[in-house]
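**Q** Here is the input, now give the coordinates:
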Amino acid sequence: MRFAAVLLAAAPAFAAVTGVWVETRADVSGRRPFGLAGPYERIEATVRFAIDPANPANRAIVGLDQAPRNGSGMVEFSADLTVYKPSDPRRGNGTLLVDIVNRGSMTALAAFQFTSRAAQDRDPAGDGFLFEQGFTVAAVGWQYDLKPGPGVVRLDGTIPGLGFAAARDVVAYLKRDGSGIHLLGDQPSFLKRAMGFGVSQSGRF
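**A** Numbers count the residues shown, from 1 in each chain. Down below sits the predicted model:
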């Protein structure tokens, strides 16, 4: 199933996100309930961005002033997004765990739920630790030099520094509440806080 959640109005904190195209949405582990959080779902999407090189928040992105711009003077790019969340977001713990992927691979589920990376697509739950605690786990692509492939979470952009903007603005978008802006286009967001996790090079993100 594919649908678009296009932002018609956006707050400055995540104004760079111009749309979210959901590619797949599926139940995790056959709708097995995980403690008080209940069943989980997995969402795979593409996020589209347009950032302003003149915005002070973007001036630290090396090379942004040399990147191609659209007719409005904005730099456009996109990134893969994978989210694991309670099917009923009201049952979550309000915390977004941002998995800073390592060479395109998610690491948080393997680290906290003892899920092997090879079996992650088939059985992401593992021992269910994060899900039973009610975490929402999200991974956004930040590396632009990776080839597309199954399970690869990557950035489609022209300069490396756009990955930092992608992570920043996706987190702000997922946490946004009110004003008609909803989590991935169809559910209210109950997220109150965000934390990051990385391994090896992504641990220095």
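
**Q** In contact with Ile43, which residues are there?
**A** Val22, Thr24, Arg25, Leu81, Thr82, Val83, Tyr84, Lys85, Leu184 (C-beta atoms under 8 Å, 6 or more residues apart in numbering). Using the backbone N, CA and C atoms, a C-beta is placed for each residue, glycine as well.

**Q** element containing it, please.
**A** strand 40-51 (DSSP states H and E).

**Q** Wait, Val83 touches Val28, no?
**A** No: Val83 is beyond contact range of Val28, at 11.0 Å (criterion: C-beta atoms under 8 Å).

**Q** Quickly list what's touching both of the two.
**A** Arg42.

**Q** how far is the strand holding Ile43 from where the chain is centred?
**A** Relative to the centre of its chain, strand 40-51 is centred 6 Å away, using C-alpha atoms, centre = their mean, to the nearest Å.

**Q** For Val137, name its beta-bridge partners.
**A** Tyr84, Leu97 (DSSP bridges).

**Q** Could you measure from it over to Arg31?
**A** Using C-beta to C-beta, to the nearest Å, Val137 is found at 18 Å from Arg31.

**Q** longest helix of this protein?
**A** Assignment by DSSP state H gives helix 162-175 as the longest helix of the chain.

**Q** all strands of the protein, in order?
**A** Taking DSSP state E as the criterion, the chain carries its strands at 3-6, 17-27, 40-51, 75-86, 95-100, 136-140, 155-156, 193-198.

**Q** Out of those, which one sits most buried?
**A** By mean neighbour count, with neighbours taken as mean count of other C-beta atoms under 10 Å, strand 136-140 ranks first of the strands of the chain at a mean of 26.

**Q** any idea of the angle it forms with strand 75-86?
**A** 160 degrees (axes from the mean of the first three to the mean of the last three C-alpha atoms, to 10 degrees).

**Q** Under the pLDDT cut-off, which ranges of the protein? List them.
**A** 1-15, 117-121, 177-186, 203-205 (pLDDT under 70).

**Q** try 80 this time
**A** 1-15, 116-123, 176-189, 201-205 (pLDDT under 80).

**Q** how about the nearest residue to Asp169 once chain neighbours are set aside, what does it touch?
**A** Nearest residue to Asp169, sequence neighbours excluded (C-beta to C-beta, 6 or more residues apart in numbering): Ala16, at 4.2 Å. By C-beta under 8 Å, 6+ apart, Ala16 lies in contact with Phe49, Ala50, Ile51, Ala165, Asp169.
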